[in-house]
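Participant: No letters, just coordinates:
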């Protein structure tokens, strides 16, 4: 169960790519433990205006799970592999849209490869050191942590993580959890996820070097995000030159799933270049 697509044969991993629509290329990068699949609420509307290119990052979704000794599972390695995928597809400059972990990767790509990014949309991105739950801290402990994550992590743990992303936890349906749980248990997937988790648990204050971003940037943030607080969005808007922050009210960590119409209302004019200029904060009181 995934959207139509194909595997790109890259080193060191084959990457799944879904393409739909026509127009300027718009690349979608997903968050931790998920895949292109959760962008479904916005892919069809976006494909009416753009050629949507939704990738599954290494260790996720339908893509390969290269061993951590062959792939770094950090933002620079992920960003460079996305550029390699675009090269293989014959795609040059793009509009780039990343959510959560994918937002941190998108920011890193835009800083490292400014010539490839025309506009940058960051949705609740992982950029600064993250608040980590007790379970997360246990999983990051040397020795016992990898054992727990690779051998004891259960479907109920994945359900808890996914549902915490929503203001309304019923959006984390059993069908959605089954989809991601099946991929979590593919050969090599737990090792890949754990390597990614270790990196996410060690994010620095200047991850991705936001001060180097030159592309026009819109930051969209769920007002009630329990995974990455809105304070991170306000801080990031001050660091990226000319960036604008849009706050999506009554929404958790995943606006494109919880309030897709509201996200598209602010994102489409920006992605189309029809937005006003100048940094500002829009939405509930900053």
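Facilitator: Yep, that arrived. Please read these numbers as outputs of a predicted model, since none were measured by experiment.
Participant: Residue 81: what's it in contact with?
Facilitator: 10, 13, 15, 57-58 (C-beta atoms under 8 Å, 6 or more residues apart in numbering). The C-beta positions use only the backbone N, C-alpha and C, and glycine is treated the same way.
Participant: Which of those residues fall in strands?
Facilitator: Residues from the contacts of residue 81 lying in strands, with DSSP state E as the criterion: residue 15.
Participant: Most neighbours among the contacts of residue 81, which one is it?
Facilitator: In terms of neighbours by other C-beta atoms under 10 Å, the contacts of residue 81 top out with residue 57 at 27 neighbours.
Participant: so what's that one up against?
Facilitator: 15, 29-30, 63, 78, 81-82, 101-102, 105.
Participant: Report the two of the contacts of residue 81 separated the most.
Facilitator: 10 and 57 (11.9 Å; C-beta to C-beta).
Participant: what about the residue nearest the centre of the chain, is that helix, strand or coil?
Facilitator: The centroid of the chain falls nearest to residue 102 when counting by C-alpha atoms, centre = their mean (2.3 Å). Reduced to three states with DSSP: H, G, I helix; E, B strand; the rest coil, the structure at residue 102 is helix.
Participant: how about it, what does it touch?
Facilitator: Counting by C-beta under 8 Å, 6+ apart, residue 102 touches 28-31, 57, 125.
Participant: And it, how far from residue 8?
Facilitator: Residue 102 sits 17 Å away from residue 8, going by C-beta to C-beta, to the nearest Å.
Participant: Could you do residue 159 as well?
Facilitator: Going from residue 159 to residue 8 by C-beta to C-beta gives 31 Å.
Participant: go on, residue 60?
Facilitator: Note on residue 60: its distance to residue 8, by C-beta to C-beta, is 14 Å.
Participant: the more surrounded of these two?
Facilitator: Between residue 60 and residue 8, counted using other C-beta under 10 Å, the more crowded position is residue 60 (29 against 19).
Participant: didn't the more buried one look like it was pressed against residue 184?
Facilitator: No: using C-beta atoms under 8 Å, residue 60 is not in contact with residue 184; the gap is 9.5 Å.
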